[in-house]
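Chemist: okay, predicted coordinates and the sequence, questions at the end:
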Amino acid sequence: MTRSPFRRLVFGTLRRLLYLWVRSETINQSAFTLKLDRSKPVFYVLQQPSASDLAVVDRECTKAGLPRPVLPVAVGDLLEPAAFFYLAPEPGWFGGQDKRGASPTLVRVLGALQQHAVDDAQIIPVTVFWGQSPDRETSPWKLLFADSWAVTGRLRKLVSILILGRKTRVQFSAPIHLRELVEQDKGPERTLRMVNRILRVHFRNQKTAVIGPDLSHRRNLVKGLVRGPQVRQAIADEAEREKISQATAEAQALKYGNEIASDYAYTAIRFLEVVLSWFWNKLYEGIKVNHIEGVQEIAQGHEVIYVPCHRSHIDYLLLSYLLFRNGLTPPHIAAGINLNMPVIGGLLRRGGAFFMRRTFKGNPLYTAVFNEYLHTLFSRGFPVEYFVEGGRSRTGRMLHPKTGMLAITLRSFLRSSRLPIVFVPVYIGYERVLEGRTYLGELRGASKKKESIFDLFKVIGALKQRFGSVAVNFGEPIRLAEFLDQQQPDWRSQELGPQYRPAWLNDTTNQLAVRIARHLNDAAAINPVNLVALALLSTSRLALDERALTRVLDLYLALLRAVPYSPHATLPEGDGQALIQYVQSMNLLAEQKDALGKILYLDEQNAVLMTYYRNNVLHVFALPALLACFFQSSARMSREQILRYTRALYPYLQAELFIRWDASELEGVVDQWLAAFVEQGLLKVEGDVYVRPAPSSRQFVLLTLLARAIVQTLQRFYMAIALLLNAGQNQLSAEELEDLCTVMAQRLSILHGLNAPEFFDKTLFRHFIQTLLDQHVLRRDEAGKLGYHELLGELAEGAAKRVLPAEIRLSIRQVALDRQAETEPQAPAEAG
């Protein structure tokens, strides 16, 4: 095409005519960041011959400042007339089979390398997508127009350009260095076959990652579920148990399959993209996406399971939208059956949602069908998304994971590990969550409301508020096979039985859930609202003057920059003053002016709501806040003392807040934080002893505010221990202790005016008690009553003196003693 001036003229004219209609974009930024050695030849390889594809690639290369594919390139003494070649020979007008011929250009370049006429040559695989959709057998729109797995002829390409030309996307891949392949010394023919094979696999994996695997029609997929061996057995069991015919039980299984299965449709994806593009631009001032490059790399050749945190109903819409915009297949999403509402449910189903009941108990047939459906998705390579927290977090904390979906995933992988599974944590950080008003009511004690189609009107009304920006951070992926190798090294060789339920399944699933929760928190997006909430909620009156608040925020930013929480966490730009102005612009801060300046405070409504945003990042500050607590009652502490008390308390903080550092890392991290404290003037160091500032100093006030971030959590720990000790050995069950803790926490919150609804959250006490059992601090007797180590009281009191004010300790002990006095039998009155 470009070997003569006439062909170059024709190509230039084609490109100009094409771009009267076509609009193209690069679906990730790799094209702009490719590390090319411009001194060495660069070639582009396209999968199939297409003048239109080449024109689009040439345009995108020009935009990105990359070498153009249509210009000559020197390979040693050889001058190639163009810097591109096609992997496959040309198809006919109506499509044809891939004959896998060898490109003459590639043959000549490899020959030059083998003869050492040139040091190296780089080839960049490029794919052009005219619309993105998995193949559907009965969709005329899909079969006529959209990119698919079918072989594309010229006529179909022409129709695709006319219909989908304004939605054209280009995917550039990292360069392949041919010198590395030639140096394997396999000879010219075998090297050529190896390069062709690498490129074929690459294009296949890339296409799977962008448009998804081949997708059978939904009706065929659902029918296939009932043919699975476990579903067949469940059908037989159902027929026998319910005294019904096999056909009736099978019909019920099909009904369950239709209730569950998504109906993934490209038209719905495109519709949602248009609607959501408007919605995000209207609602948010920007969507910040971080670390998605790792996902784009790992998506090829893996079964990807996205596991986001769950803060809002729009989490899954936002994630699907961003994946689609960045050249990745939108996942099939596990959604609660409560979202299968009229109109909305159908749209969500076509956007990839599959629906699940809240409980599977008492329905083995439904369980078997659901498990088979997920196994089908996993084994065919469809990306999947589900929330390990189960429901939305109403307090802003990471909820304790639910392990049901993870257990199903593990069993599916043990049944058939044809594709390696990788979990991708996704942290979604809102500066203002859409359901904030609803959460405010629930934080104040209102009951959880069921979702309704009328909620849409509430969303439209909420668009008048300012919601700021939202950050989507992709965390460190977890490869399931590697995780199992760590937990169960011989898992591949074990006999697992027909149900794939090894004895270690529950424990390993729990460990996986904790690992995912920690990786989610690792990717925290720390924003201005989080930091302002943390600072003001640590004050006794929820107020600070402007200069003091600025100093606190600057301190937090300096500490987090000195000791980054994780490589995947992100921080806001700007200084403390900029953060204050930003949060004020969102009407989350009130102010009062006087002759001495401004006082910034939280009004009653925002004080409760801001606990939600404080809790988003409490895990980031938990360890430094604990270290600051040690110096509230002690003026001096040795490093050895600090480490001893930190090791004693850290496991409980880690279990509740899913903090990232293991016990083996703790000493090094504590040293980093202590060094940062010294650098910021919060502590002084004298040999091996750390000394706090004078209580009247500004630095001590800053240290105290930092300590208060975690005080309420430590109070809850002390409460549970105090109630247990006052009751005595083997007097309370875990459930009874949990209930008593909740009542006591409610009482203390009233007495001390605490604006923190999670302070008396029953689930937090439940998990603390379980952690005490896991740490072997507590034990259950045969009756289920809790016993404890004889030194527990002494140890707990010693630790509490280090981290809690005397007033709080006395108040907790007094309430516990009052409760004990109320429950003790009264002595009978003497007869007069």
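Modeler: Now that the structure is in, tell me what you want to look at.

Chemist: quickly note the distance from A334 to I408.
Modeler: For A334, the distance to I408 equals 10 Å [CB to CB, to the nearest Å]. Every C-beta, even on glycine, is put in place using the N, C-alpha and C of the backbone.

Chemist: what about the helix or strand E297 falls within, distance to the chain center?
Modeler: Element membership for E297, per DSSP states H and E: helix 292-298. Mean-position distance between helix 292-298 and its chain equals 13 Å (CA atoms, centre = their mean, to the nearest Å).

Chemist: quick check: pLDDT value at G468.
Modeler: pLDDT recorded at G468 is 92.

Chemist: ok, how many other residues are close to the closest residue to it other than its chain neighbours?
Modeler: Leaving out its chain neighbours, the residue that sits closest to G468 by CB to CB, 6 or more residues apart in numbering is E431, at 3.2 Å. If you count neighbours by other CB atoms under 10 Å, E431 ends up with 23.

Chemist: what about the stretch 701-832 of the chain, any weak spots by pLDDT?
Modeler: Counting by pLDDT under 70, the stretch 701-832 of the chain has low-confidence residues at 752-757, 818-832.

Chemist: and the helix or strand hosting L17, average pLDDT?
Modeler: In this structure, L17 is located in helix 5-18 according to DSSP H and E. Taken as a whole, helix 5-18 has an average pLDDT of 76.

Chemist: do you know how far the nearest residue to D761 once chain neighbours are set aside is from G336?
Modeler: Using CB to CB, 6+ apart and skipping residues adjacent in sequence, the residue nearest D761 is T395, 6.7 Å away. Applying CB to CB, the value for T395 to G336 is 19 Å.

Chemist: who's more crowded, the two?
Modeler: Counted by other CB under 10 Å, T395 and G336 do not tie: T395 has more neighbours, with 21 against 15.

Chemist: just checking, the more buried one touches T611?
Modeler: Yes: counting by CB atoms under 8 Å, T611 is a contact partner of T395 at 7.3 Å.

Chemist: what's the end-to-end length of stretch 219-237?
Modeler: When the termini of stretch 219-237 are compared using CA to CA, to the nearest Å, they are 24 Å apart.

Chemist: now that stretch: buried residues?
Modeler: 221-222, 225-226, 228, 230-232, 234-235 (16 or more other CB atoms under 10 Å).

Chemist: return the helix or strand in the chain with minimum mean pLDDT.
Modeler: Lowest by mean pLDDT, DSSP states H and E among the helices and strands of the chain is helix 140-144, with a mean of 39.

Chemist: what's the following helix or strand after the helix or strand hosting L666?
Modeler: Counting by DSSP H and E, the element that carries L666 is helix 663-679. Per DSSP H and E, the first helix or strand lying C-terminal to helix 663-679 is strand 684-686.

Chemist: given that following strand, what are its sheet partners and their directions?
Modeler: Using DSSP bridges, strand 684-686 pairs in its sheet with strand 689-691 (antiparallel).

Chemist: need the next SSE after the strand it pairs with, C-terminal direction.
Modeler: Defined by DSSP H and E, the subsequent element after strand 689-691 is helix 698-727.

Chemist: check which helices and strands that following helix sits against.
Modeler: helix 546-562, helix 618-633, helix 639-657, helix 734-752, helix 762-774, strand 786-788, helix 792-803, helix 806-823 (3 or more CB pairs under 8 Å, 6 or more residues apart in numbering; DSSP states H and E).

Chemist: which of these is buried the deepest?
Modeler: Among the helices and strands packed on helix 698-727, helix 618-633 has the highest mean neighbour count (mean count of other CB atoms under 10 Å), at a mean of 23.

Chemist: that one vs helix 639-657, what angle?
Modeler: Using axes from the mean of the first three to the mean of the last three CA atoms, to 10 degrees, the direction of helix 618-633 lies 140 degrees away from that of helix 639-657.

Chemist: mind starting the numbering at 29 from now?
Modeler: All set: I'll call the first residue 29, so the last point we hit is now helix 646-661.

Chemist: from the centroid of this protein, which residue is nearest?
Modeler: V454 (1.5 Å; CA atoms, centre = their mean).

Chemist: that residue: what secondary structure?
Modeler: With DSSP: H, G, I helix; E, B strand; the rest coil as the basis, the three-state label of V454 is strand.

Chemist: how much space between it and N549?
Modeler: Applying CB to CB, the value for V454 to N549 is 12 Å.

Chemist: wait, isn't Y114 in contact with A79?
Modeler: No: if you go by CB under 8 Å, Y114 and A79 don't touch, sitting 10.9 Å apart.

Chemist: what is the helix holding L694 packed up against?
Modeler: helix 574-590, helix 646-661, helix 667-685, strand 712-714, strand 717-719.

Chemist: ok and it relative to helix 667-685, angle-wise?
Modeler: Here helix 691-707 points in a direction 110 degrees away from that of helix 667-685 (the same axes, to 10 degrees).

Chemist: CA atoms only: put helix 691-707 into CSV for me.
Modeler: The C-alpha trace of helix 691-707 is given here as CSV (Å, rounded to 0.1, in the frame of the first residue of the first chain):
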residue,chain,number,x,y,z
ALA,A,691,3.7,-9.1,63.3
SER,A,692,7.1,-9.7,61.7
GLU,A,693,7.0,-6.3,60.2
LEU,A,694,5.8,-4.4,63.2
GLU,A,695,9.2,-3.5,64.8
GLY,A,696,10.5,-1.9,61.6
VAL,A,697,7.3,0.1,61.0
VAL,A,698,7.2,1.3,64.6
ASP,A,699,10.7,2.6,64.2
GLN,A,700,9.7,4.5,61.1
TRP,A,701,6.8,6.1,62.8
LEU,A,702,8.9,7.1,65.9
ALA,A,703,11.5,8.6,63.6
ALA,A,704,8.7,10.6,61.8
PHE,A,705,7.4,11.8,65.2
VAL,A,706,10.9,13.0,66.2
GLU,A,707,11.3,14.8,62.8
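
Chemist: quick one: that helix to chain centroid distance?
Modeler: 27 Å.
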